[in-house]
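In: got a structure for you, letters missing:
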């Protein structure tokens with residue numbers, strides 16, 4: 001959803017104003033309209049809430065989506081011939097750096 005990674009808390013979707021609150025997106029009537037969960041939090045949740053091993057949670061966030069989208073030949077993993085798109089995480093599994101095409105993103 002648009003607010004993920006930004007300071008915005010509202011956006012327009014299908015003519016409705018959607019706001020993010022407490023990790024979910026709702027319309028003006030308070031009806032669920034999506035999630036504002038970022039991928040790093042999704043990986044942490046998979047590990048801490050349901051016990052998925054970290055390496056599998058990372059594949060669930062990278063390799064499997066790239067395969068589904070048909071871009072797995074050069075994305076979704078770190079290997080020779082692949083684009084160097086990845087994040088560096090700190091000890092708390094928070095993102096400390098983002099790399100795109102082999103260069104740190106600023």
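Out: Noted; the coordinates are in hand. Quick caveat: nothing in here was measured; it's all calculated off a predicted structure.

In: element containing the spatially closest residue to residue 60 that is not a sequence neighbour, please.
Out: Counting by CB to CB, 6 or more residues apart in numbering, the nearest residue to residue 60 once its immediate chain neighbours are dropped is residue 46, at 6.5 Å. In this view, the C-beta of every residue, glycine as well, is placed from N, C-alpha and C. Taking DSSP states H and E as the criterion, residue 46 maps to helix 39-50.

In: Pull out the buried residues from that helix.
Out: Using 16 or more other CB atoms under 10 Å as the test for burial, helix 39-50 gives 39, 41, 43-44, 46-47.

In: for the residues you listed, which one is nearest residue 98?
Out: Among the buried residues of helix 39-50, residue 39 lies closest to residue 98 (CB to CB), at 11.0 Å.

In: Please look at the closest one and residue 61 and confirm they touch.
Out: Yes: using CB atoms under 8 Å, residue 39 makes contact with residue 61 at a distance of 5.2 Å.

In: close enough to count as contact, residue 20 and residue 10?
Out: Yes: because the distance of 7.4 Å satisfies CB under 8 Å, residue 20 is recorded as touching residue 10.

In: And those two? Which one has more around it.
Out: For the pair residue 20 and residue 10, the greater number of neighbours falls to residue 20 (20 against 12), based on other CB atoms under 10 Å.
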